[in-house]
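A.B. asks: next comes the sequence, and after it the predicted model I'd like to discuss.
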Amino acid sequence: MDTRKFVALILGTLLFSSATAVPTPLLSELWLRADAAVNIDGPADTFSIVRPHAIGQMTGAVSATDVSGTESVSASMRASARWFGPAAGDISYDYVGWTSSARMVNGYVAIGGYWGYTFEANETSTFTLDWNASILTATDPFGLAGFVFYFTSEFATPYEEMHAGTQGSLTRELIAGHRYYVQVAPHANQLGIAVPGDNYLTGQFHWTITPVAVPEPASLSLLGVGLLAIVLLRTREKRARRLRVRSGSVEFD
């Protein structure tokens, strides 16, 4: 093979080869709960899906209603999660909140739960979460806090609040060979309902895992071979020029 073509092949391989960031799924979860009470204690509704070593569409809803005389309060939430593969997906929380018919000094509502994903990173990569949390309707927004992002690895358990009425993006670094757990949880509750009416928020989330450009041993070996080929090519060209000079035929490329 011509030396120039060989060098081009090596460099082309380096340019077009890229590391994959596809993690190994270990567990996917969706757990929801709604509590409602006119007077301290009331009914609750729960929903859960747990899938070991699997990913896929998950959809659920919870609703709890308590009635005492002419007073009533209801708490509810709908949620769905879908994967586009082990390294990307969407999460949606809709109508997270409550409806109350009157002021309730001892009224209580709580909406909680989480979407969770446990995986093992196979490449040095970055986890990115884009979010948009907004209030749908609110006669009294107190208690419609928003959502919380949890990130757990072997090293730490930090969390980040995503308040209602905000949008943004966050990232976390992943190290190859380590296990990680990510969670997005709604946060809406109120103890002592001061204003009757409807109070609901929604949250839309998109997450991805993308590779970090870190040279691999194989890529470094290819680079070394490519550099050696370049050196050999330059040496051969210089030797050819000397031979032409000695023969009395000087040429310039």
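C.D. replies: Happy to help now that I have it.
A.B. asks: every contact and neighbour count from this point should use C-alpha atoms.
C.D. replies: Fine.
A.B. asks: so what's the residue count around the residue nearest to residue 205 when sequence neighbours are not counted?
C.D. replies: Once flanking residues are discounted, residue 205 sits nearest to residue 131: 4.5 Å by CA to CA, 6 or more residues apart in numbering. Residue neighbour count, defined by other CA atoms under 10 Å, stands at 21 for residue 131.
A.B. asks: give me the pLDDT for the most centrally placed residue in the chain.
C.D. replies: Taking CA atoms, centre = their mean, the centroid of the chain lies closest to residue 207, which sits 3.1 Å from it. In this prediction, residue 207 carries a pLDDT score of 98.
A.B. asks: quick one: stretch 56-69 to chain centroid distance?
C.D. replies: Centroid displacement of stretch 56-69 relative to its chain, using CA atoms, centre = their mean, to the nearest Å, is 26 Å.
A.B. asks: mind listing what's buried in it?
C.D. replies: Across stretch 56-69, burial judged by 16 or more other CA atoms under 10 Å covers 58-67.
A.B. asks: secondary structure added to those residues, as TSV?
C.D. replies: As requested, the buried residues of stretch 56-69 are exported to TSV (DSSP: H, G, I helix; E, B strand; the rest coil):
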residue	secondary structure
58	strand
59	strand
60	strand
61	strand
62	strand
63	strand
64	strand
65	strand
66	strand
67	strand
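A.B. asks: which secondary structure element contains residue 114?
C.D. replies: Using DSSP states H and E, residue 114 maps to strand 104-120.
A.B. asks: do you have the strands of the stretch 101-250 of the chain handy? List them.
C.D. replies: 104-120, 125-138, 144-152, 159-163, 166-174, 179-193, 197-211 (DSSP state E, counting those that start in this stretch).
A.B. asks: those strands: which one's closest to residue 90?
C.D. replies: Proximity to residue 90 (CA to CA) singles out strand 197-211 among the strands of the stretch 101-250 of the chain, at 4.5 Å.
A.B. asks: pull up the pairing partners for the closest one, direction included.
C.D. replies: Next to strand 197-211 in the sheet, as set by DSSP bridges, lie strand 88-100 (antiparallel), strand 125-138 (antiparallel).
A.B. asks: CA atoms only: put the first one into CSV for me.
C.D. replies: What follows is strand 88-100, C-alpha atoms only, in CSV (Å, rounded to 0.1, in the frame of the first residue of the first chain):
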residue,chain,number,x,y,z
ALA,A,88,-31.9,8.3,26.6
GLY,A,89,-35.5,8.9,27.6
ASP,A,90,-38.3,11.1,28.7
ILE,A,91,-40.2,11.6,31.9
SER,A,92,-43.5,13.4,32.3
TYR,A,93,-45.5,14.3,35.4
ASP,A,94,-48.9,15.8,34.8
TYR,A,95,-51.6,17.3,37.1
VAL,A,96,-49.5,17.0,40.2
GLY,A,97,-51.6,18.6,42.9
TRP,A,98,-54.9,18.9,44.6
THR,A,99,-58.5,20.3,44.6
SER,A,100,-60.2,21.5,47.8
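A.B. asks: contacts made by that strand with the rest, please.
C.D. replies: Residues from elsewhere that reach strand 88-100 (CA atoms under 8 Å, 6 or more residues apart in numbering): 71-83, 109, 111, 115, 136, 144, 186, 188-189, 193, 196-209.
A.B. asks: ditto for stretch 36-46
C.D. replies: The contact list for stretch 36-46, computed with CA under 8 Å, 6+ apart, reads 31-35, 62-68, 71-75, 104-110.
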